[in-house]
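> model the structure of this input:
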Amino acid sequence: MMELEEFRRNMEVEIGQTLEDLRRSYEVKRLQLLQEQEIDFIASLVRHGGYEKNELQGILLLLFPNKSDEQIREVLERIYKATESDDDIGDVAAGNVKQRL
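Residues are numbered from 1 along each chain as shown. Next comes the predicted model:
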């Protein structure tokens, strides 16, 4: 009887730990997706606003004071990479409009 009770407690602990791990994993994925959406939004603003990299770097430092310079550079590169891919998509769309005319 004691073994069964101990087994039950151990299983409850393991299940609780597994659920907590899943919650953390879900939260990390959710935050990563949110950050990707924010970067896409910022990239759109940069594309329409025509900001220079050094201006945007200063803004990112204000927005993310806890990030290191390396992390800021990575975000900056991702923003400009997204901006370039948006420009390519826009060029293709503009070409399609011209072909229709």
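> once you drop chain neighbours, what's closest to Lys53?
Leu76 (6.3 Å; C-beta to C-beta, 6 or more residues apart in numbering). Bear in mind the C-beta positions are built from the backbone N, C-alpha and C, glycine included.
> is the one you found in a helix, a strand, or coil?
For Leu76, the assignment made with DSSP: H, G, I helix; E, B strand; the rest coil gives helix.
> what is the burial count for it?
19 (other C-beta atoms under 10 Å).
> residue contacts, it?
Contact analysis of Leu76 by C-beta atoms under 8 Å, 6 or more residues apart in numbering lists 53, 56-57, 60.
> how far away is it from Tyr26?
Per C-beta to C-beta, to the nearest Å, Leu76 is found 28 Å from Tyr26.
> quick revisit: can you pick the most crowded of the contacts of Leu76?
Neighbour counts for the contacts of Leu76, by other C-beta under 10 Å, peak at Leu56, which reaches 21 neighbours.
> what pLDDT does the model give that one?
For Leu56, the pLDDT comes out at 87.
> isn't it up against Arg78?
No - in this structure, Leu56 is not within contact of Arg78 by C-beta atoms under 8 Å, at 11.6 Å.
> quick one: the helices in the protein, in order.
Applying DSSP state H to the chain gives helices spanning 2-49, 53-63, 69-100.
> pLDDT on the longest one, on average?
Going back to what we said before, that points to helix 2-49. 93.
> that's all I had, so thanks and see you.
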